[in-house]
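A.B. asks: after the sequence you'll find the predicted model.
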Amino acid sequence: IRLLALFAFALSATFSPAALAQDEAPAISGVAEVAPPNTPAGQGLQWVLDGMNGDEDVKVEGKFADVVLQQVDVAQLEAGVNTFRAQSGGFDLVRVDEMSPLRLIAVAQARADASFWRIIVSVEEAGPHLFNGLLFQPAPDEGMESFDSWDDAWAALEPLGERVSLGIYEVTDGELSPLFEKGGAHRLAMGSTFKLWIAGALAEAIEAGEFEWDQMIMIEDRLRSLPSGRMQDLAHGEEHPLEEYATLMIAISDNTATDHMLDLVGRERVEAFMSRFVAEPDRNLPFLSTREIFTIKLDHEHDLMHRYAEATPEQRREILESEVIGKTPNIMDAGSWTAPRAIDTIEWFATGRELCETMLALWNMADRERLGSMRTVLGSNNGLGLSAADWPRVAFKGGSWPGVMSLTWVLERADGRVFSVSMTVNDTTKLLEEMRVVGVAKLV
């Protein structure tokens, strides 16, 4: 229930969980002998590489400017850097694109899983040239050749999971016109992309005058979930505007924000909204909150998970009422979750076209009176760092957890043409190569 694990403050990074499951680091191919330039920024990059490739924890004190330390203290920054160092296994430098003596972008390859990363370094002009910016950004497209056709994209995507779907559509007269469809018959697990149905039900309730975007909503312990997100760390009773909950639900896939919005609009209303877009809605009934699915899948003996998977929708509602509601999932138990769990039975399911139809409906709703904030909510994270000049309006939602990755867009191009894309990969047997999936998405 995350798109990619986000280590976000002054130094922001994502890392594939596949790296943590490797018994041996894969061979890294095509890495030439490359050295940082002899500039202040190049010296900063060399310090980063030395630290990442060293045997001891990195010490960051005296290396970062006040503009960074005003956002995060030294202890937090050091902990984040060293967690990332351990997960990556170190880096081999592939290329340096020098922008100025004080700023550069490097491409490096992680030793743990051979994934590609951009390292963006910015330092102060005055000595000792402290870092005023340091960003690790996934660069999955670096290891892939561009596609000459959508068939080529499918050929790159299909081997990445047991079941895969790719749908590319142009929006013509308000309808989806297929440009490319493969795997469309598969109704696949989608992870956090299910939050679009909550957003749709919420939008309809706001349009009906039942709620307001600036309405204050209280954090409640009974609705507190596990990460991803940040609202799980807020105190019971703290109040925030409804629009903030909705934005965090989409932008960073905040699970606690999601469960508050589901509780606000009601499970039955979300189920009704979902059922308008999904040909087999019973697979998503009852509509689970993130807290509920964590409780079910983190059950120690897995007995609850197996019984829930085999139950009818009516029996599942009884299990929720008698065994799940009121229980608190333990984040410590999540550490053992290193492989797919019941992703073909306990999840939220849809075809790629159904996800595109859902996103297009929300896109159109954002043009209605009282729903203008939906544009902000849906466009709060475009998924791939797309250029606003090329794609002036984008709506995106993605989702992933072990064995699942799903990405869905509606995009308006600079020439006014509107497209929708959905890409989903499922594998019940192993972790996905998430960076490869994102790499295909960047090149589609």
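C.D. replies: Structure's in. What do you need? Numbering: from 1, shown residues only.
A.B. asks: any stretches of this structure with poor pLDDT?
C.D. replies: For the chain, applying pLDDT under 70 flags the ranges 1-33, 143.
A.B. asks: and T256, that one's in a helix?
C.D. replies: Yes. According to DSSP: H, G, I helix; E, B strand; the rest coil, T256 belongs to a helix.
A.B. asks: now do the contacts for it.
C.D. replies: Applying CB atoms under 8 Å, 6 or more residues apart in numbering to T256 gives the contacts 219, 223-225, 229, 231-232, 234, 290. No exception for glycine: its C-beta is placed from N, CA and C like everyone else's.
A.B. asks: from these, which is closest to E243?
C.D. replies: Distances from E243 to these, taken as CB to CB, are shortest for M231 (13.5 Å).
A.B. asks: residue contacts, that closest one?
C.D. replies: When contacts are counted by CB under 8 Å, 6+ apart, M231 touches 219, 240, 245, 248, 254, 256-257, 260.
A.B. asks: in a markdown table, list those residues along with distance to V410.
C.D. replies: Output for the contacts of M231, formatted as a markdown table (distance: CB to CB, whole Å):
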| residue | distance to V410 |
| --- | --- |
| I219 | 31 |
| H240 | 27 |
| Y245 | 22 |
| L248 | 20 |
| D254 | 21 |
| T256 | 26 |
| A257 | 22 |
| H260 | 25 |
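A.B. asks: highest neighbour count among those residues?
C.D. replies: Most neighbours among these, by other CB atoms under 10 Å: A257, with 31 neighbours.
A.B. asks: ok, that residue to A65 distance?
C.D. replies: Look at A257 and A65: by CB to CB, to the nearest Å, they are 32 Å apart.
A.B. asks: now do the helices in the protein.
C.D. replies: Using DSSP state H, the helices of the chain run over 40-53, 66-69, 74-88, 150-157, 195-207, 242-251, 255-265, 267-275, 290-297, 303-310, 313-319, 352-365, 373-378, 434-443.
A.B. asks: select, out of those, the one closest to T345.
C.D. replies: helix 303-310 (3.9 Å).
A.B. asks: so F194 is in contact with W401, correct?
C.D. replies: No. Between F194 and W401 no contact is recorded; they are 11.8 Å apart, counting by CB atoms under 8 Å.
A.B. asks: quick one: which of the two has more around it?
C.D. replies: Under the criterion of other CB under 10 Å, the comparison of F194 against W401 puts F194 first, with 28 against 24.
A.B. asks: what's the closest non-adjacent residue to that one?
C.D. replies: Among residues not flanking F194 along the chain, W348 sits closest, at 3.5 Å (CB to CB, 6 or more residues apart in numbering).
A.B. asks: got it, and G200?
C.D. replies: Per CB to CB, 6+ apart, closest to G200 is F273, 4.9 Å.
A.B. asks: return the closest of the contacts of M231 with respect to P159.
C.D. replies: Nearest to P159 among those, counting by CB to CB, is D254 at 32.6 Å.
A.B. asks: how about that closest one, what does it touch?
C.D. replies: Contacts for D254 (CB under 8 Å, 6+ apart) come out as 228-232, 245, 248.
A.B. asks: distance check, it against R230.
C.D. replies: 6 Å.
A.B. asks: list the residues that contact both of these two?
C.D. replies: L248.
A.B. asks: that older thread, next, find the distance separating the residue nearest to G200 from R267.
C.D. replies: When F273 is compared with R267 (using CB to CB), they lie 11 Å apart.
A.B. asks: ok, back up a step: got TSV for the contacts of D254, with distance to G167 too?
C.D. replies: As requested, the contacts of D254 are exported to TSV (distance: CB to CB, whole Å):
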residue	distance to G167
S228	26
G229	28
R230	32
M231	32
Q232	33
Y245	30
L248	27
